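**Student:** give me coordinates for this.
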Amino acid sequence: MGRFADRVLARDLPLLDESRRGATVRFIQERVDDMPSLTRFGVVVISHVVDLIGRLIGSNRTMELVIGLPLPLLSEYPRLIRSLGFTFIWESWPDTTVDGDAA
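**Tutor:** Sure thing, here's the model as predicted:
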């Protein structure tokens with residue numbers, strides 16, 4: 001999950017400092033670990049499938065594919081990452097601009 005979350009955040013917030021992005025990815029992973037068991041199982045399965053596809057066709061192509069496909073559950077995966085990540089970023093560093101730069 002971390003590799004995909006890092007790529008999504010780097011794509012959406014290109015000026016976000018690497019240390020902040022790393023802290024955000026860790027936060028996302030911790031929140032997924034705290035999910036109820038059935039929900040966590042589903043997210044972990046999707047993350048492993050996405051990671052496997054990324055290893056086969058490349059991380060960037062996989063990210064664009066997953067973000068662009070309107071498939072149930074799969075399209076919710078980047079939304080989950082964004083919602084957790086963006087909330088953490090703007091709660092932790094409220095001066096962050098929309099491109100991830102520290103104002």
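
**Student:** which parts of the lowest-mean-pLDDT helix or strand in the chain are buried?
**Tutor:** Lowest by mean pLDDT, DSSP states H and E among the helices and strands of the chain is helix 59-68, with a mean of 90. By neighbour count with 16 or more other C-beta atoms under 10 Å, helix 59-68 contains the buried residues S59, T62, M63, L65, V66, I67. Where C-beta positions appear, they are placed from N, C-alpha and C, glycine not excepted.

**Student:** tell me the mean pLDDT for the top helix by length along the chain?
**Tutor:** Using DSSP state H to define each element, the chain has its longest helix at helix 37-57. Taken as a whole, helix 37-57 has a mean pLDDT of 94.

**Student:** quick check: buried residues in it?
**Tutor:** V43, I46, S47, V50, D51, I53, G54.

**Student:** can you pull the contacts of the closest residue in space to the third one that isn't next to it in sequence?
**Tutor:** Counting by C-beta to C-beta, 6 or more residues apart in numbering, M1 is the residue found nearest to S47 once chain neighbours are left out, at 4.0 Å. Listed by C-beta atoms under 8 Å, 6 or more residues apart in numbering, the contact partners of M1 are I28, Q29, V32, V43, V44, S47, D51, I81.

**Student:** go again using 10 Å as the cut-off
**Tutor:** Contacts for M1 were tallied using C-beta atoms under 10 Å, 6 or more residues apart in numbering; they are 25, 28-29, 32-33, 43-44, 46-48, 50-51, 77, 80-81.
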